[in-house]
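Visitor: Mind folding the following:
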Amino acid sequence: MTKTVISPWEVEGDIDYKKLIKQFGTTPISDFINNKLKDCHPLLRRGIYFSHRDFDKWLKAHSEGKKVSVITGRGPSEKMHIGHLVPFLVAKSLQDNFGCDVYIPISDDEKFFVKKNLSFEEALKYSEDNILDLIALGFDPKKTFIFQDFVYTDIYKYAARIAKRITYSTAKAAFGLTPGKNIGWSFYPAMQAAHILFPQFHSRKHISVVPVAIDQDPFIRLTRDIATHKDFNLEKPAALHAQFVPSLHGGSKMSSSGEGLIFLSDDAKTVKKKINKYAFSGGQATIEEHRKKGGNTKVDIPFQYLKMLFEPSDEKLEEIKQEYESGKMLTGELKAILIEKINDFLKDHQKNKIEAKKNLDKFILKN
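Guide: Sure thing, here's the model as predicted:
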């Protein structure tokens, strides 16, 4: 049995999300919260986001007419794939449904410190490309603020104030043995905390929520402790914790590189080839056996991708589930549905990305 490891830099083994709630000391998403999110993205209403910190307070503040916001960032070390979309689709959905501001820090500094073979120029190049992918998702330019750490240097004055309040013992307790062998990486937790608190630095004290995968929660905990320090007197940020998007092969977490990833730049033929070749199936070994026993949607990657990202209709998803589990729908037919859905999405996305170049200045924060 593979040992389970969950940290901001490594995810391995079988994941038990109920145990993680207990381990991390988070709160399960309640029926009350689910009801408030019933019109939001499937990621929010289908249980993919499964725990939180103070998101109920975020919802309460909004209901009382108080300012709320969303903060979620991107560490660009490669072109974006579909797994990278998760927190941004959630951020956009919250913006659409609650009318809130969204802040998106681009942590090109983090990837530059951590990735040995990533040059400074490459970090900037990936940042610029990733930003266009994010704008292409359709965020409101009047309520969305994007900045790169290497460009928007005002972030440093906030990170420096925070760094002075983080001891090495605190960082070690929060993160364990951090990877990397340079002092730049040692400073990064302060920069990450500055990102999380940035909505309040930028636009007065209020509660902001951070949609993240559960492995990033140590950053949230550290920042919540810092927020209320007398030097800052800010609101503790809330958090929404997501399950990991599995790889096409069925692994616990999609990586940023390697075979079988669906990139946002892939063409239709490439998507079809990758899904048919790499997507792990929950179907049976033969057609006869599949017709008799049906498929397992819990492990079937095409079904999971439809559930998480590409089938907005709950009724249609349930219909697919029943047909596949009964054996009426074959693996090839399920893959064909996913291929069509992904290609429709990417066709629109790639068109929107070209248009995004014209609107770049509407989203970028200036020093």
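Visitor: Tell me if residue 249 really is in a helix.
Guide: No: going by DSSP: H, G, I helix; E, B strand; the rest coil, the assignment for residue 249 is coil, not a helix.
Visitor: Identify the residues contacting it.
Guide: 260, 278, 280, 301 (CB atoms under 8 Å, 6 or more residues apart in numbering). In short, each C-beta sits where N, CA and C put it, glycine included.
Visitor: neighbours of the second one, just the number please.
Guide: One way to gauge burial is a neighbour count; for residue 278, by other CB atoms under 10 Å, it gives 16.
Visitor: What distance do you get for it to residue 335?
Guide: Using CB to CB, to the nearest Å, residue 278 is found at 10 Å from residue 335.
Visitor: sec struct for residue 93, please.
Guide: helix.
Visitor: Can you report phi and psi for the nearest residue to it once chain neighbours are set aside?
Guide: Among residues not flanking residue 93 along the chain, residue 41 sits closest, at 3.8 Å (CB to CB, 6 or more residues apart in numbering). Phi and psi for residue 41, reported as degrees, to the nearest 10, are phi -60, psi 150.
Visitor: Hmm, residue 41 is touching residue 91, no?
Guide: No: judged on CB atoms under 8 Å, residue 41 makes no contact with residue 91 at a distance of 9.6 Å.
Visitor: Let's see if you can find the most crowded of the contacts of residue 249.
Guide: The residue in the contacts of residue 249 with the most neighbours, by other CB under 10 Å, is residue 301 (24 neighbours).
Visitor: In contact with that residue, which residues are there?
Guide: By CB under 8 Å, 6+ apart, residue 301 lies in contact with 246-250, 279-281.
Visitor: And it, how far from residue 293?
Guide: Relative to residue 293, and taking CB to CB, residue 301 is found at 19 Å.
Visitor: Same check on residue 21?
Guide: 33 Å.
Visitor: Between these two, point out the one with more neighbours.
Guide: residue 21 (18 against 14).
Visitor: partners of the residue nearest to that one when sequence neighbours are not counted in the sheet?
Guide: Nearest residue to residue 21, sequence neighbours excluded (CB to CB, 6+ apart): residue 51, at 5.0 Å. Counting by DSSP bridges, residue 51 forms beta bridges with residue 28, residue 241.
Visitor: Which parts of the stretch 1-150 of the chain are helices?
Guide: 17-24, 31-36, 42-45, 55-63, 86-98, 108-114, 120-135 (DSSP state H, counting those that start in this stretch).
Visitor: Of all these, which one is nearest residue 233?
Guide: helix 55-63 (16.9 Å; CB to CB).
Visitor: tilt between the strand or helix carrying residue 350 and helix 120-135?
Guide: Using DSSP states H and E, residue 350 falls within helix 331-356. With axes from the mean of the first three to the mean of the last three CA atoms, to 10 degrees defining the directions, helix 331-356 sits at 100 degrees from helix 120-135.
Visitor: Can you give me the buried ones in helix 331-356?
Guide: Using 16 or more other CB atoms under 10 Å as the test for burial, helix 331-356 gives 331, 334-339, 341-343, 345-346, 349, 352-353, 356.
Visitor: Thought residue 70 was touching residue 100, still the case?
Guide: Yes: at 5.9 Å, residue 100 and residue 70 qualify as touching, with contact defined as CB under 8 Å.
Visitor: Which one of these two is surrounded by more residues?
Guide: Counting neighbours by other CB under 10 Å for residue 100 and for residue 70 shows that residue 70 has the greater number, 28 against 21.
Visitor: what sits against the more buried one?
Guide: By CB under 8 Å, 6+ apart, the residues touching residue 70 are 91, 94-95, 100-103, 208-211.
Visitor: can I get the residues you listed in JSON lines with distance to residue 201 and pLDDT?
Guide: JSON lines is the format used below for the contacts of residue 70 (distance: CB to CB, whole Å; pLDDT from 0 to 100):
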{"residue": "91", "distance to residue 201": "18", "pLDDT": "98"}
{"residue": "94", "distance to residue 201": "20", "pLDDT": "98"}
{"residue": "95", "distance to residue 201": "20", "pLDDT": "98"}
{"residue": "100", "distance to residue 201": "17", "pLDDT": "98"}
{"residue": "101", "distance to residue 201": "13", "pLDDT": "98"}
{"residue": "102", "distance to residue 201": "16", "pLDDT": "98"}
{"residue": "103", "distance to residue 201": "10", "pLDDT": "98"}
{"residue": "208", "distance to residue 201": "11", "pLDDT": "98"}
{"residue": "209", "distance to residue 201": "16", "pLDDT": "98"}
{"residue": "210", "distance to residue 201": "15", "pLDDT": "97"}
{"residue": "211", "distance to residue 201": "20", "pLDDT": "96"}
